[in-house]
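[1] Kindly generate the corresponding structure for this input.
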Amino acid sequence: MKLLPIRKKDFEQIQKLVTLTSVMKHIGNGQIWDNEKITNFIIYNAREQKLSNEEREYFYYRMVNGEEFVGIIGFYLKKTKYNLQVFIKPTQQKKGYFSQALRLILKRLKDYKNVDRLYSQVHSSNTKMNSIMANKYYFNKSFRMGKIVVNQFIIFNRNYTYLAKSDYISNEVFDEIFKLRGNWEKWDSTISKNPDFLHLDGKHYFDRKNQKYDVLLKNVMNNGDNPTIDKTKLFMAIERKYPDQNYLPETHYFDKTKDNYQDYSNLFAYEDPWIVKPDGGYAGSGIKIITKVQDLKYIRNKKHRFWSIQEYIKDPLLINGYKFHLRVLFIRRDENDGFVFEQIPVYLSQKEFKLDDYDNHQVHISHYTENQEEIYLDSIYGIDTDNIRTQIKKILRNINSVIKVKCYPETRNCYELYGVDFMVTSGMEVKLLEFNHKIGLKEFNNSTLDFNKLLLNAELSIACDYYLPPLHRPHILEDIGFESISK
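    Numbers count the residues shown, from 1 in each chain. Here you go, the predicted model:
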């Protein structure tokens, strides 16, 4: 494949190309060219070729394979952006010539203009080219050009860059996983002002200093109006939209600035246990199991305003006599797509279950502990895990429908990884406990799965690779990933 200058004697070849409706319907305004436009195109290119590369704004070439004329490819300056334009003979399509010519064009763009990106406008009706571009390049936006809807892609003339700030995953793991993708490198602040992708977790998640980065993708969403991150608002939103659901434990809501705890005395008529949780709490903080209405007084001295008084599940499924809950990792992309991680950790209580001694959290509260044995849902003997997964996906579909999130202004695209806690009853009914955006990525000690490495690769595959297509799509250690909840 060679790229050669446009010449006057190429008129006939160009005419045959740009008067084909099958070629021109997806280019510009969708109209074929007349002889005057062809002549002007040739004349203008002849003038441009006499200028230095620094002065030129239009760079068009004949695509030639041996002696065969394949088509025309070029880039031109419009305002401050360089745009790609391609015309290929129908008989020469699907032979890889576009990819070969594009590599040559990108090299010239870099050498002549030192520009790191090329914009491509693709008619939405051109399904074949849209598929090619979406699998390889970054989708920027859609817009109208008259009556024509155009999808704009950015072809980067460099590797993507990443910046990771994590309390749980080492820089070495990030480097390894991105290296396998083939077109990524660690961001260098001396070369560019901003990374393309920013990953934050742990203490970095809420650090406002990280808002200074203007990025194409970040793993943090603006949850300001999201009802799902507050226990009370989540349950209320689900109850309103899905009144016939059976996966929410009976729940009542307490605003300590307005409500009188005596108004809830009917809940404790038979001294049944209720679990009281603060909105905004995490890692079990503020949780208490009570059987008397007077015990609600403890809320007065706590910082949280809103609380949920939730039915205590008295018939949990047990593992060797121990209560447990499932931690399901759920990704929400900014396009309302939801995905669930296939590997589901199981967290046990520290002491065997019994229906008394409610102040003993080691009996009644299950959570992550460093010394717990490594257990996942699929390793629990004697239960129908497919049924449990089906119930979990149904619940997550409902949750996803009430989520209200958007990207921060400094972020072009975004996604977030949430932690969702479920309990299974002895009757194999899945109950929703919590939906958390303050999650820790703690692994079981001596994890045989290298869990966080698997999770990170799966997270990047479903989110990062979706927006910023990699050169290679790696599978690390095992083929474990995220599954769409729409399936």
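
[2] alpha carbons only for contacts and neighbour counts from here, please
    Fine.

[3] Phi, psi for K2 please.
    In terms of degrees, to the nearest 10, the main-chain angles of K2 are phi -130, psi 150.

[4] Can you verify my assumption that F306 contacts D259?
    No - using CA atoms under 8 Å, F306 is not in contact with D259, being 10.1 Å away.

[5] per-residue confidence at A283?
    Reading off the confidence values, A283 has pLDDT 59.

[6] hmm, I was thinking of G280
    68.

[7] now swap in L296 and tell me
    L296 carries a pLDDT value of 89.

[8] What distance do you get for the closest residue to it other than its chain neighbours to Y298?
    Counting by CA to CA, 6 or more residues apart in numbering, L296 lies nearest to Y261, which is 6.4 Å off, once chain neighbours are set aside. Y261 sits 10 Å away from Y298, going by CA to CA, to the nearest Å.

[9] neighbour-wise, which of the two wins?
    Taking neighbours as other CA atoms under 10 Å, Y261 and Y298 compare with Y261 leading, 16 against 10.

[10] my read: the more buried one touches K292, true?
    No - between Y261 and K292 there is no contact under CA under 8 Å: 10.6 Å.

[11] how about the CA coordinates for stretch 334-344, as CSV?
    Presented in CSV, the C-alpha positions along stretch 334-344 are these (Å, rounded to 0.1, in the frame of the first residue of the first chain):
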residue,chain,number,x,y,z
ASP,A,334,-23.1,6.1,32.4
GLU,A,335,-25.3,4.7,29.7
ASN,A,336,-27.6,3.0,32.2
ASP,A,337,-25.9,-0.4,31.5
GLY,A,338,-25.5,-2.7,34.6
PHE,A,339,-23.2,-5.7,35.1
VAL,A,340,-22.7,-8.2,37.9
PHE,A,341,-19.3,-9.8,38.7
GLU,A,342,-19.5,-13.5,38.4
GLN,A,343,-17.4,-14.3,41.5
ILE,A,344,-19.4,-13.6,44.7
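
[12] Now do that stretch: distance to the chain's middle.
    Distance of stretch 334-344 from the chain centroid (CA atoms, centre = their mean, to the nearest Å) equals 8 Å.

[13] which residues are in contact with it?
    221, 326-332, 376-378, 393, 397, 400, 405-407, 413-415, 455, 458, 480-486 (CA atoms under 8 Å, 6 or more residues apart in numbering).

[14] what's the answer for stretch 256-270, then?
    T291, K292, V293, Q294, L296, K297, I299, R300, R305, F306, W307.

[15] out of these, who has the most neighbours?
    Ranking the contacts of stretch 256-270 using other CA under 10 Å puts W307 first, with 23 neighbours.

[16] Could you measure from the residue lying closest to that residue once chain neighbours are set aside over to K81?
    Closest residue to W307 in three dimensions, ignoring its sequence neighbours and counting by CA to CA, 6+ apart: P278, at 4.4 Å. Separation of P278 from K81 (CA to CA): 51 Å.

[17] Repeat that for N398.
    Counting by CA to CA, the gap from N398 to K81 is 42 Å.

[18] the more surrounded of these two?
    Comparing N398 with K81 by neighbour count (other CA under 10 Å), the higher total belongs to N398, at 16 against 13.

[19] Quick check: the more buried one touching I238?
    Yes - in this structure, N398 is within contact of I238 by CA under 8 Å, at 7.3 Å.

[20] Surely Y358 is in contact with I365?
    No - in this structure, Y358 is not within contact of I365 by CA under 8 Å, at 9.6 Å.

[21] So the two - more neighbours on which side?
    I365 (22 against 18).

[22] Go through the contacts of stretch 256-270 and flag which are in strands.
    Residues of the contacts of stretch 256-270 located in strands (DSSP state E): F306, W307.

[23] Looking at the contacts of stretch 256-270, which gets the smallest pLDDT?
    Minimum confidence in these sits at R300, scoring 81.

[24] Distance of it relative to Y261?
    10 Å.

[25] again with Y358
    From Y358 to Y261 the distance is 20 Å (CA to CA).

[26] Paired strands for the host helix or strand of K323, with orientation please.
    Secondary structure assignment for K323, by DSSP states H and E: strand 322-333. If you go by DSSP bridges, strand 322-333 pairs up with strand 318-319 (antiparallel), strand 338-341 (antiparallel), strand 346-348 (antiparallel), strand 411-424 (antiparallel).

[27] what's that strand in contact with?
    316-318, 338-341, 344-353, 363-367, 377, 400, 414-424, 459, 463.

[28] ok, of those residues, which come out buried?
    Using 16 or more other CA atoms under 10 Å as the burial test, the contacts of strand 322-333 include 316-318, 338-341, 344-351, 353, 363-367, 377, 400, 414-424, 459, 463 as buried.

[29] on that earlier part again, filter the contacts of stretch 256-270 down to just the ones in helices.
    Among the contacts of stretch 256-270, DSSP state H puts none in helices.

[30] can you pull out the strands in the stretch 151-300 of the chain?
    160-165, 184-186, 197-200, 215-218, 251-255, 274-278, 288-290 (DSSP state E, counting those that start in this stretch).
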